[in-house]
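Enquirer: task: produce atomic coordinates for the following.
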Amino acid sequence: MDSPDCSRYRVMSLMPAEPARITPIQPVNPVQPPPQPPSESQNNNTSDNSPITDRDYLDRVVGQNTRKYTMAKAEFSVPCMPSMLNEALRLLQEYCQLLGKPGTPEEQEKLRAFLSQKLQEGFNASPHSRLVLMCVPAKPQIGLLGGVSIQTKVVSESLSDKYTTWPKTRPDPLFGSEPDVKVMNVAASLGEPSQIRVLDVGAGPGRNSLPLARRGHPVHALELTPVFAEKLVQAAKPENLPVEVAVGNVLDPLVRMRPYYYQYVISTEVISHFRNTQELRLFFGKMCDALVTGGKLLVSLFLTEGGYQPTDLVRELGEVSFSSIFTPGELRQSIEGLPLNMVSVEATLEYEKQHHQGESWPPTPWYEGWCSGRNVFPIQKKPPMQLYWVLMERS
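Expert: A predicted model of the protein is given here:
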């Protein structure tokens, strides 16, 4: 990142938003035949031209005919997680069953394949995509007798798009009013601030960048979301702080950091958005390029504990809930062969709570639950994952 200009940004989206699409499929069940008439022996009149007067039978016919004048609609919205296929299918099946339109086995199998495709498409576009399922009458002119038509709409939202809405829906400070204690403690151990150049990857509104700059560190901040980058610029201007800001996605091949330049690189609450170990490896490779020999890299990321191996369902929900999960083995593999040595691995929540000296704890209402892995596992007992500080040194 070559000395980014505070007033000029390159806007890059983490994942392109896919346009909404509505796809109808065949009715879950066709028009049902009316109840069979009673046998001639059950009818008072034997002539074919005589009217049927059996009141029970006629009530059944008219009762079914009222469904022609009955309309029903429903809408479900589920996260585009491939592992949620059975849950999405169950919602639709129970609704159609409620209407008396369960569908044939062939229709159910077709619906399963269709939903599987849509969930995978949405998840590939963004972990924040949603599959909207709309159940409407297949033939409105005959109401429920016409069966049920299922329409779908995949609504994709990039990480940048999602964060852009936060200032409109959440009170400030969005990520807390004080810097991470670990970030500041490591900075204090590195020597004269003016000689320690800092790169803050995923700087947000500047919770760490601004205090580091106030210590005297020259800070380069890279932020994905333009609205956060602008907040950081506006906060730094009145104090004339040594902060330069650029907008971009650290994983974008076109976003390059200044090589062999920084003594200290921090990236907090960023890896929790990564989608796989390939992205983790790419990130560490780019950080190696940016750091000088002996430079420190401090990151936070969720690691499993107790040998737990997360299933696809758990990993997918981790991505959806800003809590992407990696195993210790995956972390080691991601830096294998790179000039990075692990210095320390410490539980983030425990460290921050123990060393916190400010007035506001927790930093945000969601912080403790998120750090402890309860966004994924909402249980009282200790979840098999939590957020860790991982400090590395470039060799």
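Enquirer: and for Val343, the neighbour number?
Expert: 13 (other C-beta atoms under 10 Å). (Glycine included, C-beta is placed from N, CA and C.)
Enquirer: show me what contacts the closest residue to it other than its chain neighbours?
Expert: Spatially, and ignoring its direct neighbours in sequence, Val343 is nearest to Leu391 (4.4 Å; C-beta to C-beta, 6 or more residues apart in numbering). Counting by C-beta atoms under 8 Å, 6 or more residues apart in numbering, Leu391 touches Val186, Lys296, Leu297, Leu298, Met342, Val343, Ser344, Val345.
Enquirer: let's see it at 7 Å
Expert: Val186, Lys296, Leu298, Val343, Ser344 (C-beta atoms under 7 Å, 6 or more residues apart in numbering).
Enquirer: do Pro339 as well
Expert: Cys288, Arg394, Ser395.
Enquirer: TSV for those, including distance to Gly100, pLDDT and secondary structure?
Expert: Listed next are these as TSV, based on distance: C-beta to C-beta, whole Å; pLDDT from 0 to 100; DSSP: H, G, I helix; E, B strand; the rest coil:
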residue	distance to Gly100	pLDDT	secondary structure
Cys288	63	97	helix
Arg394	67	98	strand
Ser395	69	97	coil
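Enquirer: in the chain, which strand has the most residues?
Expert: In the chain, assigned by DSSP state E, the strand with the most residues is strand 291-304.
Enquirer: which neighbouring elements make contact with it?
Expert: helix 181-188, strand 262-267, strand 325-326, strand 385-394 (3 or more C-beta pairs under 7 Å, 6 or more residues apart in numbering; DSSP states H and E).
Enquirer: partners of it, with directions?
Expert: Strand 291-304 has its sheet partners listed here by DSSP bridges as strand 262-267 (parallel), strand 325-326 (parallel), strand 385-394 (antiparallel).
Enquirer: out of those strands, which gets nearest to Gly176?
Expert: Among these, strand 385-394 comes nearest to Gly176, with 14.0 Å by C-beta to C-beta.
Enquirer: what about that closest one, distance to the chain center?
Expert: The chain centre lies 22 Å from the centre of strand 385-394; the measure is C-alpha atoms, centre = their mean, to the nearest Å.
Enquirer: could I get it in PDB with only the CA atoms?
Expert: This file holds the C-alpha atoms of strand 385-394, laid out as PDB (Å, rounded to 0.1, in the frame of the first residue of the first chain):
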ATOM      1  CA  MET A 385     -14.000 -22.400  20.200                       C
ATOM      2  CA  GLN A 386     -13.000 -18.900  21.300                       C
ATOM      3  CA  LEU A 387     -11.200 -15.800  20.000                       C
ATOM      4  CA  TYR A 388      -7.400 -15.700  20.400                       C
ATOM      5  CA  TRP A 389      -4.600 -13.200  20.100                       C
ATOM      6  CA  VAL A 390      -1.900 -14.600  18.000                       C
ATOM      7  CA  LEU A 391       1.400 -12.700  18.000                       C
ATOM      8  CA  MET A 392       4.000 -13.500  15.300                       C
ATOM      9  CA  GLU A 393       7.400 -12.200  14.300                       C
ATOM     10  CA  ARG A 394       8.800 -12.100  10.800                       C
END
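Enquirer: brilliant, that's me finished.
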